[in-house]
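[1] Okay, predicted coordinates and the sequence, questions at the end:
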Amino acid sequence: MKELLVILGPTASGKSDLAIKIAQLFNGEIISADSRQVYRGMDLGTGKVKKDTEYRILNTEYYSEGIRHHLLDVADPNEYFSVAQYQKLVLKAIKDVQRRDKLPILCGGTGLYLSAIIEGWQFPNVPPNAKLRQELEGLNTEQLSQKLRELDPKRATTIDKNNRRRLIRALEIIYQDKTVSPLKKKPLQAKILILGIKKDKEELKKLIKLRLEKRLSDGMIEEVKKLKDNGVPSKRLEDFGLEYRWLNRYLENQITLLEMKEGLYRDICHYAKRQMTWFKKIPNVHWITNDTDNKEVIKLTSDFLSN
């Protein structure tokens with residue numbers, strides 16, 4: 001049975017750096033488990049690893065620090081990209097990496113995407129319904145969220161209540177397929193090691209603050225402005241989560257720069273807490289709490305592969 005390594009953890013915990021180090025040591029390739037890093041032009045706001053300049057000529061491949069990354073820059077921001085589409089591409093990538101005798105490393109912080117792969121969720125095959133979507137578009141975001149809570153309370157806990165596009169899709173499935181939680185599961189045929197990064201709450205808050213300041217100084221506001229200039233509407237940016245939601249409101253002159261920074265920092269901290277709540281429900285996670293030299297991670301990975 002082929003191996004799969006999973007690295008998960010809250011935002012700003014250092015997942016990407018750790019995954020690259022492990023990939024370099026164990027002949028691995030990284031598969032992103034981030035719901036927003038699939039979109040082109042969304043780099044700073046999503047924490048996407050920096051692309052190696054020497055590989056830019058290969059538009060179909062993404063390398064960072066010499067390590068190939070999968071599921072980055074595979075969709076346009078104006079496209080709807082579902083978790084079912086993500087799952088299909090990831091399973092294909094895992095097989096491709098394993099076929100070339102390399103170690104696939106699934107790394108990210110989107111709990112829904114991670115669980116869909118690890119647990120092998122089976123999604124209902126429900127085609128888009130233009131008429132139904134038009135009706136649902138007439139509801140405000142809170143009404144959509146309330147309707148989902150009434151019809152499928154469990155699904156409502158796994159979805160961003162501010163993400164209109166995901167709320168509409170979830171309701172579309174329920175209305176047409178009548179399928180409610182839990183989804184059927186087909187376990188992944190692989191030997192899996194799951195490593196979770198766990199930080200002290202105050203330490204994580206400091207890391208979040210430092211990273212946010214760096215992203216803003218690196219041009220995160222300009223990144224969102226460019227997306228708007230390229231035709232990504234405000235409503236779509238609101239769907240993309242905290243960074244894009246707050247920065248869009250700042251660029252629309254709805255809030256001040258200080259309000260944007262303070263609100264964004266506060267919401268990212270809350271998001272990290274929600275991530276950990278999801279991760280704790282995933283079974284068989286080896287939690288790494290204090291491993292600055294990566295000795296524990298290296299040993300766990302080495303033992304996993306040798307066994």
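    Received it, and whenever you're ready, just let me know what you need.

[2] what are the pairing partners of the helix or strand of the chain with the lowest mean pLDDT, and which direction each?
    Counting by mean pLDDT, DSSP states H and E, the weakest-scoring helix or strand in the chain turns out to be strand 184-185, with a mean of 78. Counting by DSSP bridges, the strands paired with strand 184-185 are strand 121-122 (antiparallel).

[3] ok, and what's touching the strand it pairs with?
    By Cβ atoms under 8 Å, 6 or more residues apart in numbering, the list of residues contacting strand 121-122 from outside reads 83, 87, 115, 183, 184, 185, 186. Quick note: C-beta positions are derived from backbone N, CA and C, even for glycine.

[4] Out of those, which one has the weakest pLDDT?
    Checking pLDDT across the contacts of strand 121-122, the minimum falls on residue 183 at 64.

[5] returning to what we had before: can you list the residues that contact the least confident helix or strand of the chain?
    Contacts of strand 184-185 from elsewhere in the structure, counted by Cβ under 8 Å, 6+ apart, are 119, 120, 121, 122.

[6] Put together TSV for those residues, with pLDDT, neighbour count and distance to residue 22 on each row.
    Rendered in TSV, the data for the contacts of strand 184-185 read as follows (pLDDT from 0 to 100; neighbours: other Cβ atoms under 10 Å; distance: Cβ to Cβ, whole Å):
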residue	pLDDT	neighbour count	distance to residue 22
119	92	16	23
120	92	16	24
121	89	17	26
122	86	13	30
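
[7] Just name the closest of the residues you listed to residue 287, please.
    Proximity to residue 287 was ranked across the contacts of strand 184-185 by Cβ to Cβ; first place goes to residue 119, at 18.8 Å.

[8] can you pull the contacts of the closest one?
    Residues 185, 187, 188 are the ones in contact with residue 119 under the rule Cβ under 8 Å, 6+ apart.

[9] hmm, back to that, and of the contacts of strand 121-122, the nearest to residue 7?
    Looking at these and their distance to residue 7, the nearest is residue 115, at 14.7 Å (Cβ to Cβ).

[10] Would you mind writing the CA trace of the helix or strand encompassing residue 6 as CSV?
    Assigning secondary structure by DSSP states H and E places residue 6 in strand 3-8. Output for strand 3-8, consisting of C-alpha atoms alone and laid out as CSV, is shown next (Å, rounded to 0.1, in the frame of the first residue of the first chain):
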residue,chain,number,x,y,z
GLU,A,3,2.0,6.1,1.7
LEU,A,4,0.5,9.6,2.1
LEU,A,5,1.8,12.1,4.6
VAL,A,6,-0.6,14.8,5.9
ILE,A,7,0.6,18.0,7.6
LEU,A,8,-2.2,20.2,9.1
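
[11] Just checking: what are the partner strands of it?
    Partner strands and pairing direction for strand 3-8 (DSSP bridges) are strand 103-108 (parallel), strand 191-197 (parallel).

[12] Export those as JSON lines, with columns for mean pLDDT and mean neighbour count.
    Written out in JSON lines, the entries for these read as follows (pLDDT from 0 to 100; neighbours: other Cβ atoms under 10 Å):
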{"stretch": "strand 103-108", "mean pLDDT": "98", "mean neighbour count": "25"}
{"stretch": "strand 191-197", "mean pLDDT": "97", "mean neighbour count": "19"}
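
[13] do you know which of those strands lies nearest residue 3?
    Taking Cβ to Cβ as the criterion, strand 191-197 is the member of the strands paired with strand 3-8 that comes nearest to residue 3, at 5.0 Å.

[14] quick one: contacts of the closest one?
    Outside strand 191-197, the residues touching it (Cβ under 8 Å, 6+ apart) are 1-10, 13-15, 18, 118, 279, 282, 284-288, 297, 300-301, 304.

[15] Which helix or strand lies directly C-terminal to it?
    helix 201-218.

[16] Now the element after the strand holding residue 6, going C-ward?
    For strand 3-8, the succeeding helix or strand toward the C-terminus, using DSSP H and E, is helix 15-25.

[17] so for the helix or strand following that following helix, what's the average pLDDT?
    Heading C-terminal from helix 15-25, the first helix or strand you meet, by DSSP H and E, is strand 28-32. Per-residue pLDDT over strand 28-32 has a mean of 98.

[18] Off-centre distance for strand 28-32?
    14 Å (Cα atoms, centre = their mean, to the nearest Å).

[19] Adjacent strands (with direction) for that strand?
    Partners of strand 28-32, by DSSP bridges, with direction: strand 67-70 (parallel), strand 103-108 (parallel).

[20] Now that strand: buried residues?
    Within strand 28-32, the residues that qualify as buried are 28, 29, 30, 31, 32, counting by 16 or more other Cβ atoms under 10 Å.

[21] Next, the angle from it to helix 15-25.
    Put simply, strand 28-32 runs at 160 degrees to helix 15-25, going by axes from the mean of the first three to the mean of the last three Cα atoms, to 10 degrees.
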